[in-house]
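1. dropping a prediction and its sequence here:
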Number of protein chains: 4
Amino acid sequence: MRIVDASNIVVKTAAQAIEQLVMANRIIANEGVVDALGHISLRNPENPNTFFITRGALAPIEVTKDDILEVDLEGKVVTKPAQRTVGEIFIHSEILKTRPEMTAVFHGHQPGIIPFTVADVPMRPLLNTAGFIYQGVPVFDDYTPGSGFLINTKESGERVAKHLGQHRVLLLRSHGCIIAAETMPKVVACAIFLGINATIQWQALLVGKEPNYLSPEEAKTGAEVALLKDGTMSRYWGYWTAKVKYAMPDMK
Amino acid sequence: MRIVDASNIVVKTAAQAIEQLVMANRIIANEGVVDALGHISLRNPENPNTFFITRGALAPIEVTKDDILEVDLEGKVVTKPAQRTVGEIFIHSEILKTRPEMTAVFHGHQPGIIPFTVADVPMRPLLNTAGFIYQGVPVFDDYTPGSGFLINTKESGERVAKHLGQHRVLLLRSHGCIIAAETMPKVVACAIFLGINATIQWQALLVGKEPNYLSPEEAKTGAEVALLKDGTMSRYWGYWTAKVKYAMPDMK
Amino acid sequence: MRIVDASNIVVKTAAQAIEQLVMANRIIANEGVVDALGHISLRNPENPNTFFITRGALAPIEVTKDDILEVDLEGKVVTKPAQRTVGEIFIHSEILKTRPEMTAVFHGHQPGIIPFTVADVPMRPLLNTAGFIYQGVPVFDDYTPGSGFLINTKESGERVAKHLGQHRVLLLRSHGCIIAAETMPKVVACAIFLGINATIQWQALLVGKEPNYLSPEEAKTGAEVALLKDGTMSRYWGYWTAKVKYAMPDMK
Amino acid sequence: MRIVDASNIVVKTAAQAIEQLVMANRIIANEGVVDALGHISLRNPENPNTFFITRGALAPIEVTKDDILEVDLEGKVVTKPAQRTVGEIFIHSEILKTRPEMTAVFHGHQPGIIPFTVADVPMRPLLNTAGFIYQGVPVFDDYTPGSGFLINTKESGERVAKHLGQHRVLLLRSHGCIIAAETMPKVVACAIFLGINATIQWQALLVGKEPNYLSPEEAKTGAEVALLKDGTMSRYWGYWTAKVKYAMPDMK
């Protein structure tokens, strides 16, 4: 019998982190929460002051082990300094700096969430697995003028980290979202369920009655019990990995 | 000429039931009515007091023959007692106990059905193949506090069985649905058409006029004649299986 | 250079008709206009009083050459009389009888068209390639009581043929549609664009303003010039075939 | 380490242009912005008075190197004059004539954009990557009577070029769109994000409040910084190419 246990989601060494980050890149592409843009990072389990992320100019669907760089909390590439990482690196470095309990940061542009960034409609949970937004979801609109809605300076990185605060999710007006989580599977799960809840909530709003939202308590417990437990995360990681292997023969 | 007849849906031995359950797991994953969570069970044709279901911590897309456990109507694993099955096992054990005419139980979280669990809009049939909801669809909201909307105790399993009553389908607020049927192909068909009818009904409601629902009599006959007959079920099972074989090379 | 010309859509012999019908079955499955049910027929070019269609109990995605039967205009299997064809054979036999200019008949249940069968909203063209509905689209609701919305008797077949009249498309309340066309590529094209136009029209209606429909003259010309010409049909047939070959390795 | 740099988007020779155009045809098919119809052209980098486009009667999904023709700015095939190109060639020839700064022209029929061509709802940007429509999007309805909404004469080609003016995008009533850009990756990106923005905007409109559109300045900068830069275009080209290679084994 094939063994599937929580070991597939635990990373204890830098090598394991790099391997998990490669698969995470393929997963977020395959699940449609990023296209060519969007990126995901994972703190180095051997050094909390650095993290791994891909080099720039590369879509998540193409990432392999050789494309992973180690970056410090000032956004500087440390082990292959001749290489450049993604332009919005400060999203990752600033959040990993200000949220020591988190190890993984996601930034993407799922189309289904964009209406909530441009309409006066707060995102609220309708699904137990989306309960991780129980504190509400702030919308960031404090961009640097002329930045094209990108977070490509240290200062704007600091601002998104501040706006994120103690939340898991920050929406970015006319752009996308940022998510932080304790582990890589958790950040991927939140990216996917944020989009699912967005679709459900928007649809529910169209019949003109207020839907029956989860209370903050229901939502918090819902996310903890129904999604973010180790066993559930391991099961999701196996599911996403199986789909990647079917879709991308080079990952078999 | 390849023979396609009702034999592909009849299970008479435990071995056939296990084989059908493996394919059913792949089908529900491939048809998108479950993701990593969700599960499906089949009564043992050699012993009505036990049923087959996968071990825990495993997504339906990954299930193989070795992952199937035999469980009794108290939710206890019987043949490989060292192994754990799914946390919501009591959904299956309690419904198979209280509904002796049913052999298959499905639990999933199709996104399209969620709005009906959180809005004051009763689900009603608009399609002949969805007529199996002719009695209406109750919405369960009697969760154990702190359970995260999960049905993970014997008591909550008893409650969902009671709320299901003599229906085929029970919606679960902010969570998903439970479906019971006489055979495995029927439970899969109901899972798929529940989602299709949900999408159609929600869409129909948005133009602001009451759509022309099926009467209870039309609906009951519609489901019986257009969907749940052996010949039709055999045809669907062949269709779903063909798609699994194209999508998952290990099932060829 | 690979030659692609109108020869791929012309059928002059029974053997060519059977080959085209097999590919048509795979195409309608792959394009999502049928699931396990739904069927498509093609008049025998060597005998206008018979046509080809699959045997019963088989989904279009599984059809091979050996599954094709020859049926007469009374709905009787002629060359392999021991075999049964689809239960709704009278849709095909009656329409091919009353519409001598047509050679192909499609019956399917595209979800996007169902709202138009249950709401008081007439389907109208918004796209040049959907202009073939320029005469309007009648909705059939004259089912035999207890038939489950199926057309499984000669009498109900006669009724749908009568309701279709000189139209190309007939909607069936809470069930699906029937389409007739001069050639196989045309009937497939109409099945696909009926669904696309349905989605666009429903969406357009939701903003609460009357959209700018095609006039009957614009629509008629639009369909003739932009879709139903031989060159365009050949191009679509090549496109659908290429997609089938990518998706179904046994068709390579 | 595999090298991914801007070299994959630069074409300096006719041979490179032909190779890029073949991949572009596969990409637009794979990304769903064309079906069997729709076409895309690229100016000859060795001769600004000719451009490359496929021969007629061929869907983009099927295009190979041998299917590419060289055409002049009067719409005449120059190097293989015995062959015919697409019927709507004058879209390409007239726009490449009147917009010397552009090298690539796209024409397609993405379903999501059609509502904007038939409803009195101007398309406006809600996403930074769709900011290229910052000048607004005109809707063309000056078709030649009896043309079936096609642009198949030199005169109608001149009219669409005139209506396009200095915009990037022109919508065509009940038909589709035309897009011009400086490079092939840019025109493909605009085709894809036009559809994404259309879906988001339509959805945003349905809650009955005016969404927070990008200002023209925000939109212009958004497109320039977040989408149309060389590095970003290179990343998208790699992404689209990777997906084509997974989906179409003959392109590996």
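-> Yes, it's here.

2. buried stuff in stretch A:146-159?
-> If you call a residue buried by 16 or more other Cβ atoms under 10 Å in any protein chain shown, then stretch A:146-159 has these buried ones: A:Ser147, A:Gly148, A:Phe149, A:Leu150, A:Ile151, A:Asn152, A:Ser156, A:Gly157, A:Glu158, A:Arg159. From N, CA and C alone the C-beta is placed, and that goes for glycine too.

3. can you put these in TSV and add pLDDT?
-> TSV is the format used below for the buried residues of stretch A:146-159 (pLDDT from 0 to 100):
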residue	pLDDT
A:Ser147	96
A:Gly148	96
A:Phe149	97
A:Leu150	97
A:Ile151	97
A:Asn152	94
A:Ser156	98
A:Gly157	98
A:Glu158	98
A:Arg159	98
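
4. isn't A:Pro125 up against A:Tyr134?
-> Yes. Contact criterion Cβ atoms under 8 Å: A:Pro125 and A:Tyr134 qualify, at 6.5 Å.

5. which residues does the residue lying closest to A:Asp120 once chain neighbours are set aside contact?
-> Once flanking residues are discounted, A:Asp120 sits nearest to D:Lys209: 6.0 Å by Cβ to Cβ, 6 or more residues apart in numbering or on different chains. By Cβ atoms under 8 Å, 6 or more residues apart in numbering or on different chains, D:Lys209 lies in contact with A:Ala119, A:Asp120, A:Val121.

6. give me the phi and psi for D:Lys209.
-> Geometry field for D:Lys209 lists phi and psi as phi -120, psi 150, criterion degrees, to the nearest 10.

7. what about it, distance to chain C?
-> In this structure, D:Lys209 and chain C are separated by 13 Å, where distance is defined by Cβ to the nearest Cβ, to the nearest Å.

8. also A:Met102?
-> Relative to chain C, A:Met102 is positioned 40 Å away (Cβ to the nearest Cβ).

9. now do the same for A:Leu96: helix, strand or coil?
-> In three-state terms, and counting by DSSP: H, G, I helix; E, B strand; the rest coil, A:Leu96 is helix.

10. need the contact list for the residue of the stretch 101-250 of chain A found nearest chain B.
-> Nearest residue of the stretch 101-250 of chain A to chain B: A:Val225, at 2.7 Å (Cβ to the nearest Cβ). For A:Val225, the contact set (Cβ under 8 Å, 6+ apart) comprises A:Asn128, B:Gly146, B:Ser147, B:Gly148, B:Phe149, B:Leu150.

11. hang on, the last one packs against B:Gly87?
-> What it means is B:Leu150. Yes. Under the criterion of Cβ under 8 Å, B:Leu150 makes contact with B:Gly87 at 6.7 Å.

12. ok, and the most crowded of the contacts of D:Lys209?
-> Top of the contacts of D:Lys209 by neighbour number is A:Ala119, holding 22 neighbours under the definition other Cβ atoms under 10 Å in any protein chain shown.

13. pLDDT score assigned to the closest residue to that residue other than its chain neighbours?
-> Distances taken as Cβ to Cβ, 6+ apart place D:Pro211 nearest to A:Ala119, at 5.0 Å, with adjacent residues excluded. Each residue has a pLDDT score; the one for D:Pro211 is 97.

14. could you find the closest non-adjacent residue to A:Ile61?
-> If you skip the residues right next to it in sequence, A:Ile61 has A:Ala29 as its closest partner in space, 3.8 Å away by Cβ to Cβ, 6+ apart.

15. can you show me the helices along the stretch 151-252 of chain A?
-> Secondary structure of the stretch 151-252 of chain A (DSSP state H, counting those that start in this stretch): helices located at A:154-164, A:184-205, A:216-226, A:230-247.

16. can I get these in JSON lines including distance to A:Gly108?
-> Rendered in JSON lines, the data for the helices of the stretch 151-252 of chain A read as follows (distance: least, Cβ to Cβ, whole Å):
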{"stretch": "helix A:154-164", "distance to A:Gly108": "14"}
{"stretch": "helix A:184-205", "distance to A:Gly108": "6"}
{"stretch": "helix A:216-226", "distance to A:Gly108": "19"}
{"stretch": "helix A:230-247", "distance to A:Gly108": "15"}
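
17. and among those, the most buried is which?
-> Greatest average neighbour count among the helices of the stretch 151-252 of chain A goes to helix A:184-205 (a mean of 24), per mean count of other Cβ atoms under 10 Å in any protein chain shown.

18. what about that one and chain B, any contact?
-> Yes. Using Cβ under 8 Å from any Cβ of the partner chain, helix A:184-205 reaches chain B at A:Ile196, A:Thr199, A:Ile200, A:Gln203, A:Ala204.

19. now do stretch A:168-183
-> No. Judged by Cβ under 8 Å from any Cβ, stretch A:168-183 stays clear of chain B, getting no closer than 15.4 Å.

20. what's the span of that stretch, first residue to last?
-> From its first residue to its last, stretch A:168-183 covers 12 Å (Cα to Cα, to the nearest Å).

21. buried residues of it, list them for me.
-> By neighbour count on 16+ other Cβ under 10 Å, the buried set for stretch A:168-183 is A:168-181, A:183.

22. among these, name the ones in strands.
-> Secondary structure defined by DSSP state E assigns A:Val169, A:Leu170, A:Leu171, A:Leu172, A:Gly176, A:Cys177, A:Ile178, A:Ile179, A:Ala180, A:Ala181 of the buried residues of stretch A:168-183 to strands.

23. contact partners for the nearest residue to the fourth one once chain neighbours are set aside?
-> Closest residue to A:Leu172 in three dimensions, ignoring its sequence neighbours and counting by Cβ to Cβ, 6+ apart: A:Phe140, at 5.0 Å. Taking Cβ under 8 Å, 6+ apart as the criterion, A:Phe140 is in contact with A:Arg159, A:Val160, A:His163, A:Leu170, A:Leu171, A:Leu172, A:Arg173, A:Ile178.

24. so where's chain A uncertain?
-> Low-confidence segments of chain A, defined by pLDDT under 70, span residues A:1-7.

25. how about the residues of it near chain B?
-> Taking Cβ under 8 Å from any Cβ as the contact definition, chain A meets chain B at A:1-2, A:4-5, A:125-129, A:131, A:196, A:199-200, A:203-204, A:206-207, A:209, A:211-214, A:218, A:221-226, A:231-232, A:234-236, A:238-240, A:242-243, A:246.

26. run through the strands of the stretch 1-150 of chain A in chain order.
-> Secondary structure of the stretch 1-150 of chain A (DSSP state E, counting those that start in this stretch): strands located at A:39-44, A:47-54, A:68-72, A:104-108, A:139-140.

27. still on that earlier bit, now, which of the contacts of A:Val225 sits nearest chain D?
-> Ranking the contacts of A:Val225 by separation from chain D, with Cβ to the nearest Cβ as the measure, puts A:Asn128 on top at 24.3 Å.

28. check contacts around that closest one.
-> Contact analysis of A:Asn128 by Cβ under 8 Å, 6+ apart lists A:214, A:218-219, A:222-223, A:225-227, B:148-150, B:174-175.

29. for the residue positioned nearest the centre of chain A, name its beta-bridge partners.
-> Most central in chain A under Cα atoms, centre = their mean is A:Phe106, positioned 2.5 Å from the mean C-alpha point. In this structure, A:Phe106 has the following beta-bridge partners (DSSP bridges): A:Ile40, A:Ile179.

30. ok, it to A:Ile53 distance?
-> From A:Phe106 over to A:Ile53 the distance is 11 Å, taken as Cβ to Cβ, to the nearest Å.

31. touching both of the two, which residues are there?
-> A:His39, A:Ile40.

32. hang on, the earlier thing: what's the most distant pair in the contacts of A:Phe140?
-> Checking those against each other with Cβ to Cβ, the farthest-apart pair comes out as A:Arg159 and A:Leu171, at 14.1 Å.

33. contacting residues around the residue of the stretch 101-250 of chain A found nearest chain C?
-> Of the stretch 101-250 of chain A, the residue with the smallest distance to chain C, taken as Cβ to the nearest Cβ, is A:Leu206 at 8.0 Å. A:Leu206 makes contact with B:Leu206, D:Leu206, D:Val207 under the criterion Cβ under 8 Å, 6+ apart.

34. if anything else comes up later, I'll come back, but that's it for now.
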